[in-house]
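> structure, please.
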Amino acid sequence: RNFSLQREGHITEVCFQEFILLGFSTFGKLQVLLYGPFLVLYLLALLGNILIIAMVLADAHLHTPMYFFLGNFALLDILVTITVVPKMLSDLLVSTKTISFTSCMVQFYFYFSFGSTTSLILADMALDRFVAICHPLRYSTLMSWTVCFSLAGTAWAAPFLAMVPTVLSLIQISFCHNNIINHFFCDNAPLLQLACSDTSLLEFWDFILSLAFVLSSFLITLISYAYIVTTVLHIPSASGRQKAFSTCSSHLTLVFIGFGSTIFVYVQPGKAHSVETNKFVVLVTNILTPVLNPLIFTFRNETVKAVIWRQMQKLKNLKNSK
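Now for the predicted structure:
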């Protein structure tokens with residue numbers, strides 16, 4: 001792979017096969033102290049989301065569209081995390097943090113594909129709650145398993161197809177000055193900062209994808225919940241209103257956390273925020289949010305808490321029978 005090195009007005013082609021990730025180099029030797037806390041959070045994220053998936057698969061009470069989408073969401077949390085965090089953790093223990101050009105492009109492709117799919121799945125979850133609360137008598141028809149699989153399939157397929165032109169264009173870009181990425185993974189903005197060729201078209205395409213997958217999903221979610229709130233406020237009994245809102249509170253929390261950080265970093269024309277600011281927000285999104293999501297659904301969802309209690313009782317009875 002070649003990049004252009006500019007010196008005294010002349011451009012010299014230099015061959016390279018890898019990028020250098022700065023990561024948390026500003027911490028110097030102290031960055032090794034980050035390894036322990038980050039590793040614990042990484043393992044908690046994997047464990048929590050694996051438990052969510054296991055519960056959805058194992059308990060018949062959770063074989064519904066809402067928990068089908070939740071299972072997809074938990075799987076995406078795992079996939080996004082393992083795309084970035086293992087490399088980040090290993091780099092904390094070494095002085096030279098390199099990633100091959102091919103690995104960088106692969107990481108870029110899967111990170112943004114999984115991330116875009118997550119936004120679409122959140123929108124699918126909002127549509128499910130909209131139909132359940134606003135059209136309960138037609139729920140089984142409107143949210144049949146055929147519809148659910150179609151929505152989920154589109155959410156997975158569309159970003160993976162749309163990201164192909166982005167990666168192919170990125171491969172053709174000439175990089176100059178150096179091959180140092182000011183991030184802990186191959187993020188979009190730090191990569192484009194190394195380019196010496198015109199990237200305006202690629203940046204515009206990235207912005208269009210952000211609008212198509214992230215902002216549109218957020219708008220669908222907002223519109224769905226506007227109808228949901230209007231419908232719930234017309235429920236005569238206070239207990240009925242509370243029950244309806246309780247089924248949506250967990251999802252709303254995920255929406256604000258997920259869309260808030262994503263829109264802040266990626267739904268922007270050009271480079272609206274500093275790389276250091278984006279680095280911090282992405283760190284929270286990839287380390288802390290996947291840990292919080294299973295906890296949100298555990299402590300704020302009565303159905304999930306009931307399933308956990310039943311499973312604990314089964315294990316207790318099984319232990320006593322021995």
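> next one: phi and psi at the residue positioned nearest the centre of the chain?
The structure's the chain has its C-alpha centroid closest to Gly115; by CA atoms, centre = their mean the separation is 4.0 Å. The phi/psi pair for Gly115 (degrees, to the nearest 10) reads phi -60, psi -40.
> element containing the residue nearest to it when sequence neighbours are not counted, please.
Distances taken as CB to CB, 6 or more residues apart in numbering put Val80 closest to Gly115, at 6.0 Å, once the chain neighbours are dropped. To be clear about C-beta, it is placed using only N, CA and C from the backbone, and glycine gets the same treatment. Per DSSP states H and E, Val80 falls inside helix 65-91.
> same thing with Ile20?
strand 18-21.
> doesn't Leu22 make contact with Asp91?
No. Using CB atoms under 8 Å, Asp91 is not in contact with Leu22, being 9.5 Å away.
> name the residues contacting each of those two.
Residues touching both Asp91 and Leu22 (CB atoms under 8 Å, 6 or more residues apart in numbering): 97, 184.
> who's more crowded, these two?
With neighbours defined as other CB atoms under 10 Å, Asp91 and Leu22 compare such that Asp91 has more, 22 against 16.
> which non-adjacent residue is nearest that one?
Closest to Asp91 by CB to CB, 6+ apart is Lys97, at 4.0 Å.
> got phi/psi on that neighbour?
According to degrees, to the nearest 10, Lys97 has phi -100, psi 100.
> could you do Thr98 as well?
Dihedral angles for Thr98 - degrees, to the nearest 10 - are phi -120, psi 160.
> what about it, how many neighbours?
14.
> okay, and the beta partners of it?
Ile20 (DSSP bridges).
> what residues are up against it?
Neighbouring residues of Thr98 by CB under 8 Å, 6+ apart: 18-21.
> how much space between Leu76 and Asn293?
Applying CB to CB, to the nearest Å, the value for Leu76 to Asn293 is 10 Å.
> so Leu215 touches Ile263, yeah?
Yes. Checked against CB under 8 Å, the pair Leu215 and Ile263 is within contact range at 6.8 Å.
> who touches both of the two?
With CB under 8 Å, 6+ apart, Leu215 and Ile263 have no common neighbours.
> thinking again about what came up before, quick check: the residue nearest to the centre of the chain touching Thr262?
Yes. Here Gly115 lies in contact with Thr262, judged by CB under 8 Å, at a distance of 6.9 Å.
> now do the shared contacts for the two.
With CB under 8 Å, 6+ apart, Gly115 and Thr262 have no common neighbours.
> show me where the stretch 1-150 of the chain has its helices.
For the stretch 1-150 of the chain, helices defined by DSSP state H, counting those that start in this stretch occupy the ranges 35-58, 65-91, 101-134, 139-142, 145-172.
> typed the wrong thing, it's the stretch 151-300 of the chain
So, for the stretch 151-300 of the chain - with DSSP H, counting those that start in this stretch - the helices run 188-192, 200-209, 216-233, 238-266, 275-283, 289-299.
> any weak-confidence spans in the stretch 1-150 of the chain?
Residue ranges of the stretch 1-150 of the chain with pLDDT under 70: 1-16.
> how about the residue nearest to Gly115, what does it touch?
111, 114-115, 118, 286, 290.
> closest to Lys305 out of these?
Using CB to CB, Pro290 is the member of the contacts of Val80 that sits closest to Lys305, with 20.2 Å.
> burial count for that closest one?
24.
> can you tell me the closest non-neighbouring residue to it?
Ala45 (3.6 Å).
> distance check, that neighbour against Thr81.
5 Å.
> give the residues shared as contacts by the two.
287, 290.
> which of those two has more neighbours?
A count of neighbours by other CB under 10 Å puts Ala45 above the other of Ala45 and Thr81, at 25 against 22.
> residues touching the more buried one, list them.
Applying CB under 8 Å, 6+ apart, the residues contacting Ala45 are 77-78, 81, 287, 290-291.
> the same query, at a cut-off of 7 Å, please.
Going by CB atoms under 7 Å, 6 or more residues apart in numbering, Ala45 touches 77, 81, 290-291.
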